[in-house]
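*Asks:* dropping the sequence and predicted coords here.
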Amino acid sequence: MSAEERACPCCGVERKEIGTDESWQVEYLPGHFERIHHVRKKYACPGCESNGDNPRMETAAKPDAAIDKGMAGPGLLAYIVTSKFSDYLPLYRLEDYFSAAGVRDLAGNAIGLVRRRGRPGRAAVGTDGGASAGLA
């Protein structure tokens, strides 16, 4: 957060760091997987807290995620979708590959999402052949 964002809206004093929120993301880069550690700092105003003025706590912005509350990064999700629908690799083989690489549990929610959703674009087209999406 910038210095302007850390300024307390009540008294204008710069808020102090009071802790962190940590999250992990698994990303696929050609040939290997990377585990990315995100640390977001939390800030609060010590003056407003001691005065009992209902201090507002702020947390730094969360990085974008391909799947809400999921650990799969956009590169990993793109790899799964490409492997499944372009390279025709069955999902159970992807699971075996991820298991051998030691990331099966981390990539499991992305594989489950692809398994539930099916081919990309299917939800947008629907069962009426695309008429509802303006594709007819």
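*Replies:* Perfect, I can see it now.
*Asks:* please make it C-alpha for all contacts and neighbour counts, starting now.
*Replies:* Noted.
*Asks:* which element is the residue nearest the centre of the chain on?
*Replies:* The centre of the chain sits closest to Ala65, judged by C-alpha atoms, centre = their mean, with a distance of 2.3 Å. Of the helices and strands defined by DSSP states H and E, none includes Ala65.
*Asks:* ok, for it, nearest residue in space, not its chain neighbours?
*Replies:* For Ala65, ignoring the flanking residues on the chain, the nearest one in space by C-alpha to C-alpha, 6 or more residues apart in numbering is Gly73 at 6.4 Å.
*Asks:* go on, Ala72?
*Replies:* The shortest distance from Ala72 to any non-neighbouring residue, by C-alpha to C-alpha, 6+ apart, is to Val26 (5.1 Å).
*Asks:* and the helix or strand hosting Glu5, C-alpha only, in PDB?
*Replies:* If you go by DSSP H and E, Glu5 is part of helix 3-6. C-alpha atoms of helix 3-6 as PDB (Å, rounded to 0.1, in the frame of the first residue of the first chain):
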ATOM      1  CA  ALA A   3       1.700   6.100   2.000                       C
ATOM      2  CA  GLU A   4      -1.500   7.900   0.900                       C
ATOM      3  CA  GLU A   5      -3.500   4.600   1.300                       C
ATOM      4  CA  ARG A   6      -2.000   4.000   4.700                       C
END
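*Asks:* contact partners of that helix?
*Replies:* 14-16, 43, 58 (C-alpha atoms under 8 Å, 6 or more residues apart in numbering).
*Asks:* hmm, back to that, and whichever strand or helix holds the residue nearest to Ala72, what does it pack against?
*Replies:* Counting by DSSP H and E, the element that carries Val26 is strand 16-29. Under the contact criterion of 3 or more C-alpha pairs under 8 Å, 6 or more residues apart in numbering; DSSP states H and E, strand 16-29 touches strand 32-44, helix 74-85.
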